[in-house]
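**Q** need coordinates for the below:
(chains A and B)
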Amino acid sequence: MGEHAQILPGTLDLLILKAVSLGPLHGYGVLLRIAQISGSALLIEQGALYPALFRLVRQGLLEANWGTSENNRRAKFYELTTAGRKQLRSEIEDWNRLANAIAVALSARPEEI
Amino acid sequence: MSVFHALRACAARIFRHAAMTDDLNEELNSHVALRADDLEHNGMPRAEAERRARIELGARGRYTEECQYESGGTSIATAFHDLRFAVRMIRSHVWFSAAVVTTLALGIGLNTMVFTIVNAALLKPVPVPGGSRLVATTGLSYPDLLDYRAQARSFAALEGAADLEGVLGEPGTPPQAFHLERVTTGVFSMLHTRPILGRDFLPSDAFSGAAPVVMLGYDVWQTRYAGSRSIIGRQVRINGKPATIIGVMPKGFMFPTTVELWMPVVPTADDLKRDNRQFRGFGVLRSGVTIPAAHAELAGIAQHLAAEYPASDKDFSAVVMTFNQLYNGGIIKTVFLLMLAAVGFVLLIACANVANMMLSRAVARQREMSIRAALGASRWRVIRQLLIESIALSVLGGGMGLGLAELGVRWFDLATSNVQRPYWVQFTMDYSVFGYFAALCIFSGLLFGIAPALRSSRPDLNQVLQESSRSIARPRGGNLAAILVVFQFALTLVLLTGAGVFVHSLINTLDSNRSVPAHELMVATLQLPDRRYDGIAAHKRFYDQLLPRLRTLPGVTGAALTSNPPGLGSAENPIEIEHAHPTDAAHRPIGSYVTASPGYFKTIHLPLLFGHDFNSTDGSPNHRAAIVTRAFASRFWPGQPAIGKRFRIFDDHAKPGDWITVIGVTANLVQDLTEQDRKPLFFIPTQQVDWGGISLVVESTANPTAEVRDAVASLDQDLPLRDVYILNQAVEHQTWYLRLFSRIFIGFALIALVMAAMGIYAVLAQATTQRTQEIGVRIALGASLRSIMLLVMRRGLWQVGMGLALGLAAAIPAVRLMTSLPIGVSPTDLTVFAAVVALLAVVGLFACWLPARRAAGMDPVTAIRCE
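**A** Have a look, this model is predicted:
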């Protein structure tokens, strides 16, 4: 699985929030969506998903409701709450700041010092 | 929060937990279905697709817990999980668990029992309103009492009482003797206790010339009058004088101690003498007044009285005491406090044992804990697991302890139900005491179970993991455990020697009158009333008629009179030996003596060594005679024949009596079993002194009580037979607390022994298990059986040795403390010391030998592979 990137600790929540922000999803759907939007570069371990979903629900960032999937299966759908939306925005900003900083740091060349 | 609310909240959490688990299960099912749909869509057969989906998802159980944790409803659910695990651990280590539970149960149970008893006997106030402010003072005369009452400001009420024998009689029913108390009329209202039938005493009942009245105790009313409500107003005779029954007191009320009848004090000329100090004062302190303050006030009044009436009140001051000080002081108190000390040792040993076992277990599980921590269990989680295990064990132990304490208290209550116990001392289970000890034992277990866990759950995992059981270098946690074992053995030794010395002395004491056939001697007291039997001559006439009648009864082989049957006390007075160095009053030797009628020595089977028995003239004014024991003779006339020698007795006012001639010498006899410093004993003829009451001693193979009663009644209808016993029962009655105490003491000591043995066994067995591989290697390399045994036992034996040495050092002063007990405790009882040390050494050796033998018998291959 060399082509799959390891998920950094703490980023799973961010990815879930992002995936759900694009539209309500059930648990399996979250897995598919993350694979899809990361171009299959990021694979979530199934075992880590549900505890994370429960955690986000408890934190009030997600809301869960039972509904019906496109192929008529009963499934629990998650969507962002207002708090979740706010959290996602601030986490994206944080991430970008960090990513930029790291990118800048990593692109440093000897002559710039 | 009420229990109900707590339960409901708990149930709600469990339901929420159950609902969450259902929800999660359904969600996971839907996940599998959706994934299978996809796989099927890609061309996989449905069944295969579902199987694959399930495999990908993995084990379901682990989600449940993690999701519970993440969704916040954790503690109950995971605690439940931990509890299940704990129960599994407890069941899989049955012996360990049983040892911990038993130790806890004994530690908690015994201490609760003893504290409950001591609390009831020595500390708890009398259970009447204001009982905690109820105090007593002794040795008052009636005029003193009135003066104190008039002048003292410390008391809300002050009443007086004096003991008396009351023979209750009326035509048609045989007379019966009861414990009668003459009381001042306000005593019941002071105690806020009203009669259940009839009326209370009125002040006018105490006026001179008032119609005499009597109040019945509940038991008298029930047994003598069958609870009849029509007895109020009935005329009865008390000590031969008429009186009217005016009321019945409530069940269980026997104020101040074991009283069955009460009469008001109608002061007689005798009562009004200031030196007639037969009254005790009972008072209720005003709120806010302390005992020392009341004491100081009475002392001040006493000074005034002493100045006013120097002849009678000089050198006298009232001492204010609590009820328990008055009635359960002295020897009873010493015994109870010693019991408390003994059980304290048991508590210490129990705590040490629990701590030790928990410690050794925690050490043994250090690796397990480290692995759990390495796998990501939080530190709190690891500790909580241990905590729950300890709590589960503690709850089991505590529950058993509670049962044990209940049984113990009930047993003690029964064992002391027929001794003269003050009515307010009630031995009932004390739950706050139980809570206290349960907390103490459990806390010590937690402390030692958790401390190592805290250490091993710290994230220095690599070191612990690398240090696998292959490491032989040091026994982890060993030092603490070793110290605990040494401590236990030392305590056990102290306890066992204490118990041993006590019981050894007790056996010696109770065995002292071996020649007396105590189970074939009936004893009873007769008190000839002065009105009908005036003077020694009248008494002699009565007994001269009675004794021949008794001797002809079927089965009776002897009958005689004495003031005190063997082992039941004596009189003590200073004596002077004729022709001895004259000594001043303070240095006169003290002799103890009892009276005896002709035939007494034959009846009690006391051998007469020299001289002859009393005859009917001995004791008359010109024939003062005595028979002395061998101890008396050899003390005062060493190396000389005692017969014909003379001595005299000084009475309580230091006035010498007539010279008394020794006419015989008997073998030794012990009258004062519970006296530590026994005085030389002699006998004087019954008619030589004018003592009111006298004991009949009747020797018979069958119990002659009924016949003796009839014989007495045939001479005098109105004369009750009192304190009827077979002599061995009477002696037991006197020494009940010593026997009881020795039983309890021995029990404690044995329990301590078992616990100490368990402690050292557990520690050694644990240490040996840790060294299994090392031992296997040694055996494989050809180590001899002996060297393996030595290897294992060396440490244990060293601990036992240390414990014994320390224990001996502590036991010698502890036993010396016990010499204050009323039996001849010898502080250097070498037999007991040697026996106890030997016993402990053997037990310790055996406890060490068991794991050593197991180690030596191991198969080296299995041992080396052991992980």
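**Q** report the longest helix in chain A, please.
**A** Ranked by residue count under DSSP state H, the longest helix found in chain A is helix A:82-106.
**Q** near chain B, anything from that one?
**A** No - for helix A:82-106, no contact with chain B is found by C-beta under 8 Å from any C-beta of the partner chain; the gap never falls below 15.7 Å. (Glycine included, C-beta is placed from N, CA and C.)
**Q** what is that helix packed up against?
**A** When contacts are defined as 3 or more C-beta pairs under 8 Å, 6 or more residues apart in numbering or on different chains; DSSP states H and E, helix A:82-106 packs onto helix A:11-21.
**Q** try it again with 10 Å
**A** Under the contact definition 3 or more C-beta pairs under 10 Å, 6 or more residues apart in numbering or on different chains; DSSP states H and E, helix A:82-106 sits against helix A:11-21, helix A:46-58, strand A:62-68, strand A:74-80.
**Q** the second one vs strand A:74-80, what angle?
**A** Right, the one you point to is helix A:46-58. Orientation check (axes from the mean of the first three to the mean of the last three C-alpha atoms, to 10 degrees): helix A:46-58 against strand A:74-80 gives 60 degrees.
**Q** which residue packs closest to the residue most central in space within chain A, ignoring adjacent ones?
**A** By C-alpha atoms, centre = their mean, chain A has its centre lying nearest to residue A:15, at 0.9 Å. Once flanking residues are discounted, residue A:15 sits nearest to residue A:34: 5.2 Å by C-beta to C-beta, 6 or more residues apart in numbering or on different chains.
**Q** how about the one you found, phi and psi?
**A** phi -60, psi -40 (degrees, to the nearest 10).
**Q** what is the neighbour count of it?
**A** Neighbourhood size, residue A:34 [other C-beta atoms under 10 Å in any protein chain shown]: 22.
**Q** residue contacts, it?
**A** A:7, A:12, A:15-16, A:18-19, A:25, A:40-44, A:49 (C-beta atoms under 10 Å, 6 or more residues apart in numbering or on different chains).
**Q** now that we have the residues you listed, which of them are buried?
**A** A:7, A:12, A:15-16, A:18-19, A:25, A:42-44, A:49 (16 or more other C-beta atoms under 10 Å in any protein chain shown).
**Q** ok, then the element right after the host helix or strand of residue B:847?
**A** Using DSSP states H and E, residue B:847 sits within helix B:830-856. Using DSSP H and E, the helix or strand that follows helix B:830-856 in sequence is helix B:860-865.
**Q** what's next to that next one, contact-wise?
**A** B:470, B:771-783, B:855, B:858-859.
**Q** what pLDDT, on average, does that helix get?
**A** Taken as a whole, helix B:860-865 has a mean pLDDT of 72.
**Q** quickly note the distance from residue B:662 to residue B:292.
**A** Distance of residue B:662 to residue B:292, computed by C-beta to C-beta, to the nearest Å: 52 Å.
**Q** check residue A:40 too.
**A** Taking C-beta to C-beta, one finds residue A:40 at 91 Å from residue B:292.
**Q** just residue A:30 next, same as before
**A** From residue A:30 to residue B:292 the distance is 80 Å (C-beta to C-beta).
**Q** farthest pair in the contacts of residue A:34?
**A** Taking C-beta to C-beta, the two most distant members of the contacts of residue A:34 are A:25 and A:41; they sit 19.0 Å apart.
**Q** quick one on the thing from earlier: looking at residue A:30 and residue B:292, which is more packed in?
**A** residue A:30 (20 against 9).
**Q** and the nearest residue to that one once chain neighbours are set aside, what pLDDT?
**A** The shortest distance from residue A:30 to any non-neighbouring residue, by C-beta to C-beta, 6+ apart, is to residue A:19 (5.1 Å). On the pLDDT scale, residue A:19 is placed at 90.
**Q** check residue B:507 too.
**A** Looking at residue B:507, its pLDDT stands at 78.
**Q** how far away from the center of its chain is the strand or helix carrying it?
**A** For residue B:507, the host element (DSSP H and E) is helix B:478-510. Here helix B:478-510 is found 18 Å from its chain centre; the criterion is C-alpha atoms, centre = their mean, to the nearest Å.
**Q** who does it touch, helix- and strand-wise?
**A** helix B:330-364, helix B:431-456, helix B:727-770, helix B:785-817, helix B:830-856.
**Q** for the chain, what helix or strand is lowest in average pLDDT?
**A** Went with chain A since none was named. Every helix and strand in chain A was compared by mean pLDDT, DSSP states H and E; the lowest is helix A:46-58, with a mean of 81.
**Q** right idea, wrong chain: chain B
**A** helix B:461-466 (a mean of 51).
**Q** one step back: buried stuff in the helix holding residue B:847?
**A** Those would be B:832-833, B:836-837, B:840, B:843-845, B:847-852, B:855-856, for helix B:830-856 by 16+ other C-beta under 10 Å.
**Q** re earlier: let me have the helices and strands packed on helix B:478-510 in a markdown table, extended by distance to chain A and mean pLDDT.
**A** Shown next, in a markdown table, are these (distance: least, C-beta to the nearest C-beta, whole Å; pLDDT from 0 to 100):
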| stretch | distance to chain A | mean pLDDT |
| --- | --- | --- |
| helix B:330-364 | 30 | 77 |
| helix B:431-456 | 26 | 70 |
| helix B:727-770 | 36 | 79 |
| helix B:785-817 | 47 | 85 |
| helix B:830-856 | 44 | 86 |
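**Q** relative to residue A:86, which of those is closest?
**A** Taking C-beta to C-beta, helix B:431-456 is the member of those nearest to residue A:86, at 40.4 Å.
**Q** shaky segments in chain A?
**A** Filtered on pLDDT under 70, chain A yields the residue ranges A:1-10.
**Q** what's residue B:599 sitting at in phi/psi?
**A** Taking degrees, to the nearest 10 as the convention, residue B:599 sits at phi 90, psi -10.
**Q** that one is in contact with residue B:543, isn't it?
**A** No - using C-beta atoms under 10 Å as the test, residue B:599 is too far from residue B:543 to be in contact (11.5 Å).
**Q** who's more crowded, the two?
**A** Neighbours per residue (other C-beta under 10 Å) separate residue B:599 from residue B:543, with residue B:543 holding more: 23 against 18.
**Q** so residue B:164 bridges to which residues?
**A** Counting by DSSP bridges, residue B:164 forms beta bridges with residue B:180.
**Q** distance of it from chain A?
**A** 81 Å (C-beta to the nearest C-beta, to the nearest Å).
**Q** is residue B:139 located within a helix, as I assumed?
**A** No - under DSSP: H, G, I helix; E, B strand; the rest coil, residue B:139 falls outside any helix and is assigned strand.
**Q** what's around it, how many residues?
**A** By other C-beta under 10 Å, 14 other residues sit near residue B:139.
**Q** mind checking how far it is from residue B:714?
**A** Taking C-beta to C-beta, one finds residue B:139 at 42 Å from residue B:714.
**Q** before we move on, the earlier item: to residue B:356, which of the helices and strands packed on helix A:82-106 lies closest?
**A** helix A:46-58 (40.6 Å).
**Q** does any part of that closest one sit near chain B?
**A** Yes - for helix A:46-58 and chain B, the contact criterion (C-beta under 10 Å from any C-beta of the partner chain) is met by A:46-58.
**Q** show me which of these are buried.
**A** Neighbour counting by 16+ other C-beta under 10 Å classes A:46, A:49-57 among the residues of helix A:46-58 next to chain B as buried.
**Q** the residues you listed into TSV, with extra columns for distance to residue B:761?
**A** Shown next, in TSV, are those (distance: C-beta to C-beta, whole Å):
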residue	distance to residue B:761
A:46	51
A:49	52
A:50	49
A:51	46
A:52	51
A:53	53
A:54	48
A:55	49
A:56	54
A:57	53
